[in-house]
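J.: From the sequence below, what's the structure:
(one chain, ligands or ions: 2)
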Amino acid sequence: MPNDPVALLCAVEKSYQMDSVSVPVLRGIDLLIQPGRFTVLLGPSGSGKTTLLNLIGCIDRPDQGTINVIGQSVNEMTDNQLSDFRSANIGFIFQSFNLLPVLTAFENVEYPLILSGMPLERRQNRVRRLLDAVGLSDRADNLPGQLSGGQRQRVAIARALARKPKLVIADEPTANLDSATGEAILKLMRRMQERYRISFLFSSHDRNLMSAADDLITLKDGCIQTIVRKPQAELKTSHHAKAKGETAGAAAVNAQPDYQAVSDKDIVLVDAADSMLMPDEKDA
Ligand code: ADP
Ligand code: MG
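T.: Ligands and ions are numbered 1, 2, ... in the order given. Alright, predicted model coming up:
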């Protein structure tokens, strides 16, 4: 169902074992992540952001409490089920890009599609469209070591989108980039989120990113401190204002319709890529 929560957490607790001492990291998290939104998880280093994202991303399990992700109860899945569910439904973008260094940009994006068993021609078409959408068509044959940080992260974005996930989780994806490149990457993700109506969950310790959020969750010492949700009505208004070239509060960071990154000359989003993926992919 399109309006089902992306994630629903009830009384979630997680501790790490340190020299036989149990250190609580998440202390009773109740949280609803809404679908089709750009949710920012903000909190200082050590507040538990990665731990929380790993639970929502089905990489790890809670000690206590229940987690439901895209209608599935994480608690009830076996490890294999969890792993299959994760690959089919969730895309990940990491702070340190996590590209495979021996594979080209093209092959990195193609890799999850090979694992999913997609036939050659179909998957190569999809990879080409994805690289196009992140403005990297001309870098397809480069290894990660031959790309800038911003370019690597754009490959990682394309890879995260490859299997048409319902949710993309980005754990401090701009932390290793200079601020101009980070801003361009943020805009690119926002663009992808809006275009393909994917739910994005994005963590950061940078308060400047607050304004990017539809929903803003702040975390402190393993507890949710505040949740601020922009009303749907305001979302529509701000998208409209944006189309008229105005800025409206939190919508200011959203990409303009004719978006071209100002600060990272490399990022030129191709509008023709609109038909690239969801919802009407034509390469079936
Ligand atoms: P954030 O992503 O907000 O920086 P983390 O979720 O990575 O926070 O970490 C929260 C706390 O849990 C930190 O104090 C960290 O040291 C601790 N921690 C994280 N992962 C582990 C682990 N695998 N083993 C032990 N402690 C951990
Ligand atoms: Mg972290």
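J.: check whether stretch 76-93 contacts ligand 2.
T.: No: judged by C-beta under 5 Å from the ion, stretch 76-93 and ligand 2 are separated, with a smallest distance of 12.9 Å. All C-beta spots, glycine's among them, are computed from the backbone N, C-alpha and C.
J.: Stretch 49-63 too?
T.: Yes: residues of stretch 49-63 contacting ligand 2 under C-beta under 5 Å from the ion: K49, T50.
J.: Residues in contact with that stretch: which ones?
T.: 7, 9, 12-15, 25-26, 29, 33, 41, 43, 67, 69, 74-75, 77, 82-83, 85-86, 90, 92, 167, 169, 171-172, 201, 203, 205, 219 (C-beta atoms under 8 Å, 6 or more residues apart in numbering).
J.: give me the subset of the residues you listed touching ligand 1.
T.: Filtering these for neighbours of ligand 1 using C-beta under 6 Å from any ligand atom leaves V25, G43.
J.: Buried only: go through the contacts of stretch 49-63 for me.
T.: 7, 9, 12, 14-15, 25-26, 29, 33, 41, 43, 67, 69, 74, 77, 82, 85-86, 90, 92, 167, 169, 171-172, 201, 203, 205, 219 (16 or more other C-beta atoms under 10 Å).
J.: quick one: the strands in the stretch 51-200 of the chain?
T.: In the stretch 51-200 of the chain, the strands defined using DSSP state E, counting those that start in this stretch lie at 64-69, 72-73, 90-93, 167-171, 199-204.
J.: how about the helices in the chain?
T.: Along the chain, the segments classed as helices by DSSP state H run 49-56, 79-89, 105-115, 120-133, 149-161, 179-196, 232-243.
J.: Give me the distance between the second one and the centre of its chain.
T.: For helix 79-89, the separation from the chain centroid amounts to 17 Å (computed by C-alpha atoms, centre = their mean, to the nearest Å).
J.: ditto for the fifth one
T.: Its chain's average C-alpha position is 11 Å from that of helix 149-161, according to C-alpha atoms, centre = their mean.
J.: Format the helices of the chain as TSV; extra columns: mean pLDDT.
T.: Shown next, in TSV, are those (pLDDT from 0 to 100):
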stretch	mean pLDDT
helix 49-56	97
helix 79-89	95
helix 105-115	97
helix 120-133	95
helix 149-161	96
helix 179-196	90
helix 232-243	56
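J.: Just list the residues touching S47, thanks.
T.: By C-beta under 8 Å, 6+ apart, the residues touching S47 are L219, K220, D221, G222.
J.: top of these by neighbour count?
T.: Most neighbours among the contacts of S47, by other C-beta atoms under 10 Å: L219, with 23 neighbours.
J.: beta partners for that one?
T.: Using DSSP bridges, the bridge partners assigned to L219 are I224.
J.: burial measure for whichever residue of the stretch 1-150 of the chain sits closest to ligand 2, as a count.
T.: Going by C-beta to the ion, ligand 2 is nearest to T50 of the stretch 1-150 of the chain, at 3.2 Å. Each residue near T50 was counted by other C-beta under 10 Å, and the total is 20.
J.: With S116 instead?
T.: Using other C-beta under 10 Å, S116 is surrounded by 12 other residues.
J.: what does E107 give?
T.: E107: 16 surrounding residues under other C-beta under 10 Å.
J.: Got the phi and psi for the nearest residue to it once chain neighbours are set aside?
T.: Nearest residue to E107, sequence neighbours excluded (C-beta to C-beta, 6 or more residues apart in numbering): L100, at 7.6 Å. Backbone torsions for L100, taken as degrees, to the nearest 10, come to phi -80, psi 120.
J.: pretty sure L100 contacts F106?
T.: No: counting by C-beta atoms under 8 Å, L100 does not reach F106; the two are 11.8 Å apart.
J.: out of the two, which sits in the busier spot?
T.: Higher neighbour count among L100 and F106: F106, with 21 against 12, using other C-beta under 10 Å.
J.: And that one, how far from P119?
T.: Distance, F106 to P119, by C-beta to C-beta, to the nearest Å: 16 Å.
J.: What of K14?
T.: For K14, the distance to P119 (C-beta to C-beta) stands at 40 Å.
J.: Show the contacting residues for S199.
T.: For S199, the contacting residues are V6, I33, Q34, P35, G36, R37, T39, K166, L167, V168, Q193, by C-beta under 8 Å, 6+ apart.
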